[in-house]
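Undergrad: curious how this folds, go ahead:
(chains A, B and C)
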Amino acid sequence: MSSGEKYVAAAYGVVFVMLLVYVVIIAAKLTRLERETAELAELARKRSSGG
Amino acid sequence: MNYLGDVAALARKDLRLELRARDTLPAMLLFVLSTLVVFHFALPSGADELAAQGLLWVALVFTALLGLTRAWSPEREDGALDGLVLAPSDRSAIWLGKSAAVFVFLVAIELVALPAFALFFSPLDAGAVLGVLLADVGICAVGTLLAAMAAASRTRELILPLLFLPLAIPLIVGGVGASVSTDPGRYLAFLGLYDAVFAILCWASFEYVVSE
Amino acid sequence: MVAAVAAALVGLAIVLAFFVAPEDADQGISQRIFYFHVPIALTAYACFGWGAWKALLLLWKREERYDLESYVAIHQGTIFGALTLATGSIWAKASWGKWWVWDSNQLVLFLVLFLFYSAYFMLRFSIDEGPRRANVSAVYALFGVALIPVSFFAIRLAEDFIHPTTFTREGPQMTGTMFFTFCVAWLAITVLAYALYRVELLGKRLDANLRELREALT
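TA: The predicted structure follows:
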């Protein structure tokens, strides 16, 4: 690869990696949200059966 | 009480407080003189005369920051800002009064700092002095409002330089340009533009910074 | 839905940028960075403008939701701004051999704006949640858009005494195909930014709702 091509690849690569990082962050967030809603659903179930 | 009357009263209060306490002004004065001496040692021997002119602006901006961090402390210490905000006058008057007081402090410091600079480094021409005055307006207008924002934060003084420096960059460009360029008119006009735009913005938005 | 459109457009833009658009005579292949670098920069400006608009709406209409919308827009803008600096730096290295040059007004402007908007986050996270934080953030966001043109002029003026501009590149002269590629890329990045904005806003709103729910249940 010529040096010009390397730089172009690097530039597009940076953008691509940023997008992937974003996807990872969203995936982590979704996992956390899923856990929290499960907890809250459990709390609501206890409330309606116990209270 | 009319608007300008309120502004004048608030500014006078700040000036009187400083005259009695005499803590901020001497500190700013000593700071700017020390900085100028530091610059002498910081400039390598071959350095341009123009480099020193640029450093003058660094000194002025950082000295202004020093003063601005304490701009709202009288109000904060007594809880007086809440009282002022509740008062029937227009809240922008609080900003204008405070900015005017800070402006007077800054000019007072510069009355010593500029001759000191001329003594240590090189003389300043009319373009430079006008540039300093115009930039002072911008520094006081924007700095006072940002200081009020900083007062609302937990980190207080720490955050003011971070907020202020990016906004100060155009002022430094205008000021240095007015000092070193052969045609200072353009830079002075630019400083005037900055002052107009940001003064209006500060005046309009100050009440949101201090209210809930 | 928006995300799907964004994905399609970005794919199209990449194909156009690499396979369809002709190679630039002066700069060679490194010119192709331009197809994404400039749209990313323009989108960053748009995000900051959008954030300021939401900030204005907050101060004017006093509806809480505008605070979050403004914050997310500025967050996007800062990310795209960082990307602008990164791609711009790579372009500088490819074109002029150095990772940073003060000659490019656009890059210098972005550096100043990046500093400004980074301070936005420091400010926001140092104030406790509530209407005060929303107001202060909104005013700061408005200062940001005022700073953009003022800084731009300042940097232009600074050219005269800071650096003789040895490299003046406004942007390559574009043929029809190149221009079309550029427009598609611009549209793609804009839609992408909007999709990311919606996703982030959704996530933050979910967080807020869950918190309320938790408080109601415990």
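
Undergrad: now do the buried residues in the host helix or strand of B:Arg16.
TA: In the assignment (DSSP states H and E), B:Arg16 maps to helix B:3-21. Burial within helix B:3-21, assessed by neighbour count using 16 or more other C-beta atoms under 10 Å in any protein chain shown, is assigned to B:6-8, B:10-11, B:14, B:18. All C-beta spots, glycine's among them, are computed from the backbone N, C-alpha and C.

Undergrad: and the contacts of that helix?
TA: B:1, B:24-25, B:74, B:84, B:89-90, B:93-94, B:96-98, B:100-101, B:104-105 (C-beta atoms under 8 Å, 6 or more residues apart in numbering or on different chains).

Undergrad: of those, grab the buried ones for PyMOL.
TA: The PyMOL selection below is limited to those of these classed as buried (16+ other C-beta under 10 Å):
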select buried, chain B and resi 24+25+74+84+89+93+94+96+97+98+100+101+104+105
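
Undergrad: and chain C, which of the contacts of helix B:3-21 reach it?
TA: Here nothing survives when the contacts of helix B:3-21 are matched to chain C using C-beta under 8 Å from any C-beta of the partner chain.

Undergrad: out of the contacts of helix B:3-21, which comes closest to chain C?
TA: B:Ile94 (14.7 Å; C-beta to the nearest C-beta).

Undergrad: contacting residues for the closest residue to that closest one other than its chain neighbours?
TA: Closest residue to B:Ile94 apart from its sequence neighbours, by C-beta to C-beta, 6 or more residues apart in numbering or on different chains: B:Leu84 at 5.3 Å. B:Leu84 makes contact with B:10, B:75, B:94 under the criterion C-beta under 8 Å, 6+ apart.

Undergrad: now the residue of chain B at minimum distance from chain A, what's its secondary structure?
TA: Nearest to chain A in chain B, going by C-beta to the nearest C-beta, is B:Pro166, at a distance of 23.4 Å. Classification of B:Pro166 using DSSP: H, G, I helix; E, B strand; the rest coil returns helix.

Undergrad: show me what contacts it?
TA: C:112-113, C:115-116, C:119, C:147.

Undergrad: contacts only, for the nearest residue to it once chain neighbours are set aside.
TA: Excluding the flanking residues, the one nearest B:Pro166 by C-beta to C-beta, 6+ apart is C:Phe116, at 3.9 Å. Residues near C:Phe116 by C-beta under 8 Å, 6+ apart: B:166-167, C:144, C:147.

Undergrad: with pLDDT as extra columns, can I get the residues you listed in JSON lines?
TA: Listed next are those as JSON lines, based on pLDDT from 0 to 100:
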{"residue": "B:Pro166", "pLDDT": "95"}
{"residue": "B:Leu167", "pLDDT": "96"}
{"residue": "C:Gly144", "pLDDT": "95"}
{"residue": "C:Leu147", "pLDDT": "95"}
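
Undergrad: for chain C, which residues are neighbours of chain A?
TA: Residues of chain C lying near chain A (C-beta under 8 Å from any C-beta): C:14, C:28-30, C:32-33, C:36-37, C:40, C:79, C:83, C:86-87, C:90-91, C:93-94, C:196, C:199, C:203, C:206-207, C:210, C:213-214, C:217-218.
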